[in-house]
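Colleague: Sequence first, predicted coordinates after that:
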There are 2 protein chains.
Amino acid sequence: MAEDKKKAVDKKELKAKIEKASARLGLLERQAREAKIPILITFDGFGAAGKGLQINRLIQAMDPRGFDVYTGGKVSEDDRMHPFLWQFATKTPADGRITIFDTSWYRHVQRDLFDGLTKEDELENAFEDIIAFERQLVDSGMVLIKLFLSITAKEQRKRFEKLDASKETAWLVTDNDWKRNAQYKKYKKINEDMIARTDTKDAPWVIIDANEKDAAALAIMKVVIERLEQALEAKAKGKEPGVYEAPIPPDKYKKGILSTVDLTKSLEREEYKEKLDLLQKKVEKLHSELYRQRIPVVLCFEGWDAAGKGGSIKRLTSHLDPRGYKVCPTPAPNSVEKAHHYLWRFWNNVPKDGHIAIYDRTWYGRVMVERIEGFCTEDDWRRAYDEINAFEAHLIHAGAVVLKFWVDIDKDEQERRFNDRMQNPAKQWKITDEDWRNREKWDKYEEAVNEMIDRTSTEAAPWVIVEGNSKYYARVKVLKTVVKALEAKIKEVEKAKKKHE
Amino acid sequence: MAEDKKKAVDKKELKAKIEKASARLGLLERQAREAKIPILITFDGFGAAGKGLQINRLIQAMDPRGFDVYTGGKVSEDDRMHPFLWQFATKTPADGRITIFDTSWYRHVQRDLFDGLTKEDELENAFEDIIAFERQLVDSGMVLIKLFLSITAKEQRKRFEKLDASKETAWLVTDNDWKRNAQYKKYKKINEDMIARTDTKDAPWVIIDANEKDAAALAIMKVVIERLEQALEAKAKGKEPGVYEAPIPPDKYKKGILSTVDLTKSLEREEYKEKLDLLQKKVEKLHSELYRQRIPVVLCFEGWDAAGKGGSIKRLTSHLDPRGYKVCPTPAPNSVEKAHHYLWRFWNNVPKDGHIAIYDRTWYGRVMVERIEGFCTEDDWRRAYDEINAFEAHLIHAGAVVLKFWVDIDKDEQERRFNDRMQNPAKQWKITDEDWRNREKWDKYEEAVNEMIDRTSTEAAPWVIVEGNSKYYARVKVLKTVVKALEAKIKEVEKAKKKHE
């Protein structure tokens, strides 16, 4: 009797604490919204640990207009045809919004690993990708709260049995759920390894004992409250500047790779026509081949104004099936894009397996125009080289071909083309005052491009400098490079398939 | 020999014409972009009529940064779990952009009908939905060009055989393709009926003889050129005002349904608590039931400022699984939303089968705030009643429950609540100067609401007026109404299923 009484008192106390935490949370959520802090909360854990219920408890305290809940446990065909982070990266919150994932990207190195959908030899890359991804989010000012809901094997069995007993909920328990319960120790080990590998300073794990629901609800609220308080305080204080291990000598990139480009390379019209025709037919054939082999392709075009990016893209795509490629222009970001992580809008155009995405200007804007015009802080663009390398590595880990073209011309050639555009009524729309203004910053851009190419040319995602004074030469070089890369990738994939057979 | 020569001359002439048309098209495309005209081009037709090839020919003349190509022939699981227009409505072009559908919504009343995926008894609704949808797009200033590519049975067979002969393309020809070729006459009849039903003044069909590829390419370019010229001319002239059959007496809606609402209805706290608890548990159970039955639910909340919409939504959702519902707030449209049809942003949140979408303010903004503040023309909001009815009808045809709540309070109650918010530090954020300004326009809003409820209350999507002076009463009424509607729908679905067995 005395124990019952104590239990009742405890329960009442717990309820009072939850109510208090709830009120506090509502206030902090509003403040975070006003401070435009994006918040991402992930719920992972054991099956039947009560993720849905706990999410519901948490959001009861919040304004239903401020958050979105996504189920990462459901994988659509579209999700499967993209790098595994894509499903989540495209849904990260805008400034001032909250996104909650019921099952996050960790599914890939947890449940999917146990179920055999993720192979052991993909694990290293996957962990690398996850750590880099989370770091980017946190560095951009996002609050990332990673919760792991833990229950015992016994409690799990009890909950499965209860669900199984009612015809309304029996469908929720799958054969794989039972298998994971039967092999609880093995599955627990996978989870422990995962947590150990990804418990970083930027994005620490919080393990919640979810055997008792009310206590778990309070524990979760407390975590969220603490993290929001910290974030609001940090935001009020202003961000600390990043520290760079090796300060760069101020003129290291004044002269660099661009000064070595041989812009006299050229091609005569006749030879051009002949080669172009041949290469376009080749690309057409390769396009259908990579569609069948489900290889995604990412082609990036950067270059001086009037260097001929558009013309090269046109020649590249003219024989392609329009259902299998997409040209993604990159104008100044709109208000929605501005409210997200700078890579978000590019994530949204990452190609499906078997498709080609051609980016006309790219995420490299971060280390060129945004750097030079001051659209981001020095911290932001200095950090971006690593971020971009990690982003491209993730695409490559998922099997993509990634090529980056810098279409180069010299200053005189640019002037000639600008003047030509000014004088030709059919081309006048192509030239704006901004182009002339950018031209005045040639040296600054040259320095930025030298640094960019140096820091982001990787073996798997190389920069290809295209000598562009001769348009014919440039177009053929682009096509040739694409053909070569696609042929190599297709060969590689076929070889890997044969090995598997 | 003479004939060969003639052929060669014809071919050369055709090529010259195509080049000329191509240049003209490039210019018009740019002008349309500058004039911010959205353009939608659909390609439908017989299998192997060369849609991909013709799209490619057409876009060669355009700036690759100005258009998007979507394949409507591929239906994802997500597409299947939405009304059939959803897949396309969410991809309609923004102002100044071009969207091309390789296979459009007509698939639903053409190929899917032949294949048995669309049932005969769904046809009437489908045609009605299509005609209303197209009319809305055109009325909003979109250029809609519907192309039907026709080839003979013989030509189709020849093309299938050619594709079939190469191992690289054989996978493109399916059993259903062969079946449609074998039953060419039957399939042709379906297409003819479809065209006859949907060849409207607003959105006429253009049938392209696609047996000869170059001639077809030229014919398509000519159509697009003509339509763009017309659109540019019309835009330069300015839009003609719409004509309304029955002019509305200026004071018809000054006094209307809102004056009859009994705002004295109320509920005591104890009774409220009891009923609330019961109803919330019921809704929770029904939610899981409708998930299993794959019933989509659309709940709309409109009402005076401070009427208690948020509070009602909170009580409605507090027991729901967060993975199965979404609250969609409707702040002022952002720049991307502004550049689209006004329904576009709501299309993007249309719930999947089995899910609930709760709209906190809705598309009815068009006939309230947009009407009163002059954010759209009188034409626009007068047209909107029919447009909204058609939009909701489409959701209902797809099996949705649609409920619309007007949460009503009187002017005194609003003032009390405003003052309460001003004085309560925890609630001050809820009240802005705009709220006070809106309050001054009470009579105008009342008139607009009276008209809105009168014109858009349909049997399948009724307005429910919620007497809101008593918050307790209002919340319970909302829950009760939802429970009743869900129970009725579930019963209906179960009955229909039994009939099918």
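Modeller: Ah, there it is.

Colleague: can we go C-alpha only for contacts and neighbour counts from here?
Modeller: OK.

Colleague: For the closest residue to chain B within the stretch 1-150 of chain A, give me its contacts.
Modeller: Residue nearest to chain B within the stretch 1-150 of chain A: residue A:65 (5.3 Å; C-alpha to the nearest C-alpha). Going by C-alpha atoms under 8 Å, 6 or more residues apart in numbering or on different chains, residue A:65 touches B:327, B:328, B:329, B:360.

Colleague: now swap in residue A:359 and tell me
Modeller: A:298, A:299, A:300, A:301, A:327, A:328, A:329, A:330.

Colleague: Helix, strand or coil: sort out the fifth one for me.
Modeller: On the three-state scheme (DSSP: H, G, I helix; E, B strand; the rest coil), residue A:327 is labelled strand.

Colleague: how much space between it and chain B?
Modeller: 6 Å (C-alpha to the nearest C-alpha, to the nearest Å).

Colleague: Tell me the secondary structure at the spatially closest residue to that residue that is not a sequence neighbour.
Modeller: If the residues on either side of it in the chain are set aside, residue A:327 comes closest to residue A:358, at 4.7 Å by C-alpha to C-alpha, 6 or more residues apart in numbering or on different chains. Secondary structure, three-state DSSP: residue A:358 is strand.

Colleague: Can you pull up the residues of the stretch 351-500 of chain A that come close to chain B?
Modeller: Residues of the stretch 351-500 of chain A lying close to chain B (C-alpha under 8 Å from any C-alpha of the partner chain) are A:360, A:426.

Colleague: What segments of the stretch 351-500 of chain A are strands?
Modeller: Along the stretch 351-500 of chain A, the segments classed as strands by DSSP state E, counting those that start in this stretch run A:356-360, A:401-408, A:463-467.

Colleague: hang on, the earlier thing: among the contacts of residue A:65, who's most crowded?
Modeller: residue B:327 (23 neighbours; other C-alpha atoms under 10 Å in any protein chain shown).

Colleague: returning to what we had before: the residue nearest to residue A:327: neighbouring residues, count only.
Modeller: Residues near residue A:358, counting by other C-alpha under 10 Å: 25.

Colleague: list the contacts for it?
Modeller: A:298, A:299, A:300, A:301, A:313, A:325, A:326, A:327, A:328.

Colleague: would JSON lines of the residues you listed with pLDDT be doable?
Modeller: Formatted as JSON lines, the contacts of residue A:358 follow (pLDDT from 0 to 100):
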{"residue": "A:298", "pLDDT": "98"}
{"residue": "A:299", "pLDDT": "98"}
{"residue": "A:300", "pLDDT": "98"}
{"residue": "A:301", "pLDDT": "98"}
{"residue": "A:313", "pLDDT": "95"}
{"residue": "A:325", "pLDDT": "93"}
{"residue": "A:326", "pLDDT": "93"}
{"residue": "A:327", "pLDDT": "93"}
{"residue": "A:328", "pLDDT": "94"}
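
Colleague: from these, which is closest to residue A:229?
Modeller: For the contacts of residue A:358, the residue nearest residue A:229 by C-alpha to C-alpha is residue A:328; the value is 39.4 Å.

Colleague: how near is the closest one to residue A:347?
Modeller: 11 Å (C-alpha to C-alpha, to the nearest Å).

Colleague: How about residue A:212?
Modeller: For residue A:212, the distance to residue A:347 equals 39 Å [C-alpha to C-alpha].

Colleague: now swap in residue A:261 and tell me
Modeller: For residue A:261 relative to residue A:347 (C-alpha to C-alpha), the value is 32 Å.

Colleague: any weak-confidence spans in chain A?
Modeller: Residues of chain A meeting the criterion pLDDT under 70: A:1, A:239-250.
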